[in-house]
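J.: Just need the structure, nothing else, for what follows:
(one chain, ligands or ions: 1)
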Amino acid sequence: MSTPLVVSEVCKSFTMHLRGGIKLPVVENVAFALRAGECAVLGGPSGAGKSSILKMIYGSYAVDSGQIIVSHGEALVNLANADPRTIIAIRRDTIGYVSQFLRAVPRVSARDVVAEPLIARGEAAETARQKAETLLAQLNLPERLWSLPPATFSGGEQQRVNIARGFITDHPVLLLDEPTASLDKANREIVIDMIARKKEAGVALLGIFHDQDVRDIVADRVIDVTGFAPERKAA
Ligand SMILES: Nc1ncnc2c1ncn2[C@@H]1O[C@H](COP(=O)(O)OP(=O)(O)OP(=O)(O)O)[C@@H](O)[C@H]1O
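T.: Sure thing, here's the model as predicted:
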């Protein structure tokens, strides 16, 4: 079984420039590997560093030290020191990310927001839009909303657009930050089903799910982030 992501010895602290430059360590020596076809879940209390770990893997947060090795096409790339162009290419082709909140682009329809990652990978616009519609229908987003910009949608509607956008490509690694937080039970079950299908397709998923029921269903294993707490190491 392939291992598309290996995290080792990753440390992260935040420097508070407005507080005299003090350093707040968040996680130390983060280490785990993600296998194709599994869904691992980051566990631990609020503030333990779960979102920070996802953001480092997506290249949104810088890494202080350590390695995040991702299989990108034929190459192995260390995301911890990758240049911005490489990070953009990895986001286009290798690592997908569903955040908790949709960053809505003004005047772009929900259909096009969802289709955009496929078009960026070279898919014909019409094919991408059709696939977007299929996903939006699957997620029960009313058809009358498809041609509207999502800025005025409800929280749950925006989240479904976000999920469709994250799931439309066949990225080998998919990061999920609370993808079901604003959804009702019926739509949560649809997303659980979509996660299962990604696993069957060999995608490696890493998620944060505060909803215990969802977590119990989707998680093949839980990575306890408290094990990477700086305080514990010092003790
Ligand atoms: N951009 C930032 N600047 C400064 N501190 C930050 C930043 N992002 C996160 N932190 C701090 O890092 C710590 C870990 O935050 P993080 O969001 O990763 O935790 P979490 O486990 O995902 O929490 P939650 O379950 O509440 O979402 C917190 O103390 C938080 O205040």
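J.: So Ile69 lies in a strand, does it not?
T.: Yes: counting by DSSP: H, G, I helix; E, B strand; the rest coil, Ile69 is located in a strand.
J.: doesn't Leu5 make contact with it?
T.: Yes: Ile69 is within contact range of Leu5, at 7.2 Å (criterion: CB atoms under 8 Å). Using the backbone N, CA and C atoms, a C-beta is placed for each residue, glycine as well.
J.: Now do the buried residues in the longest helix anywhere in the chain.
T.: Criterion DSSP state H: the longest helix present in the chain is helix 185-200. Buried residues in helix 185-200, counted by 16 or more other CB atoms under 10 Å: Asn187, Arg188, Ile190, Val191, Ile192, Met194, Ile195, Lys198, Lys199.
J.: quick one: contacts for Ile217?
T.: Ile217 is in contact with Ile192, counting by CB atoms under 8 Å, 6 or more residues apart in numbering.
J.: In CSV: the buried residues of helix 185-200, plus distance to the ligand and pLDDT.
T.: Listed next are those as CSV, based on distance: CB to the nearest ligand atom, whole Å; pLDDT from 0 to 100:
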residue, distance to the ligand, pLDDT
Asn187, 21, 93
Arg188, 18, 94
Ile190, 24, 95
Val191, 19, 95
Ile192, 20, 96
Met194, 22, 97
Ile195, 19, 97
Lys198, 22, 97
Lys199, 23, 97
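J.: Pick the one among those closest to Asn78.
T.: Checking those against Asn78 with CB to CB, the nearest one is Lys198 at 25.0 Å.
J.: residues contacting that closest one?
T.: Going by CB under 8 Å, 6+ apart, the list of residues near Lys198 reads Cys39, Phe167, Leu174, Leu205.
J.: Enumerate the residues of the chain near the ligand.
T.: Residues of the chain found near the ligand (CB under 6 Å from any ligand atom) are Phe14, Val26, Gly44, Ser46, Gly47, Ala48, Gly49, Lys50, Ser51, Ser52.
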